[in-house]
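>>> can you look at this prediction? I've put the sequence above it.
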Amino acid sequence: MNDKKPQGGENPCQGCVMCCQYISVEIPRPDNAEDLDIAIWYLCHGHKIFVDADGWYLQVDRDCLNLKDGACDIYQTRPQVCRDYDISDCEKHNPNAYWRIFTAAKELADFIKDNPDCVVKNPNEK
Ligand code: SF4
Ligand code: SF4
């Protein structure tokens, strides 16, 4: 949830709190057995892994404790990471925000099996 407003004044975040409902932590691209094993382990715990143009991320779904009645309760003092979030690249406004999202260990294992040469390298990687 950020404070970038488009021309015209309409709040682009109106009615949306998607980016306040998870945290993400960058992880290594699983291009070796050890990193792949750890990625599978994350998925076995019910977490997600997404890949975008910046890299690979573990996604842990959990509402921010400051989310109250569909709005940020500490908007004026919210963390910098919330202010910096690029709305033009967010999951609501950019349908291509993710290159891939894995929600189960089998999905990632099957993807690796089907793409043994790419070793899950994101072709859009910067
Ligand atoms: S996902 Fe996008 S539109 Fe939704 S709250 Fe976050 S920045 Fe705003
Ligand atoms: S601090 Fe506010 S803007 Fe940041 S994730 Fe929590 S509810 Fe969203």
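Right, received. Where do you want to start? Not measured: the values here are computed from a predicted model. Ligands and ions are numbered 1, 2, ... in the order given.

>>> for residue 98, see how far away residue 30 is.
16 Å (C-beta to C-beta, to the nearest Å). For the C-beta atoms, the positions are set from N, CA and C on the backbone; glycine is no exception.

>>> neighbour count winner among these two?
When residue 30 and residue 98 are compared on other C-beta atoms under 10 Å, the one with more neighbours turns out to be residue 30, at 19 against 15.

>>> secondary structure class for the spatially closest residue to the more buried one that is not a sequence neighbour?
Residue nearest to residue 30 in three dimensions, not counting chain neighbours: residue 36, with 3.9 Å by C-beta to C-beta, 6 or more residues apart in numbering. Of the three states, residue 36 takes helix under DSSP: H, G, I helix; E, B strand; the rest coil.

>>> going forward can the numbers begin at 4, since that is how I track them
All set: I'll call the first residue 4, so the last point we hit is now residue 39.

>>> isn't residue 103 right up against residue 53?
Yes. Using C-beta atoms under 8 Å, residue 103 is in contact with residue 53, at 6.9 Å.

>>> show the contacting residues for residue 105.
Applying C-beta atoms under 8 Å, 6 or more residues apart in numbering to residue 105 gives the contacts 46, 51, 52, 53, 111, 114.

>>> which of the three states applies to residue 59?
Per three-state DSSP, residue 59 ends up strand.

>>> quick check: bridge partners of it?
Beta bridges link residue 59 to residue 30, residue 54, judged by DSSP bridges.

>>> kindly report the same for residue 63.
Beta-bridge pairing of residue 63 under DSSP bridges involves residue 26.

>>> I figured the residue nearest to residue 33 hits residue 115, correct?
Yes. If you go by C-beta under 8 Å, residue 39 and residue 115 touch, sitting 6.7 Å apart.
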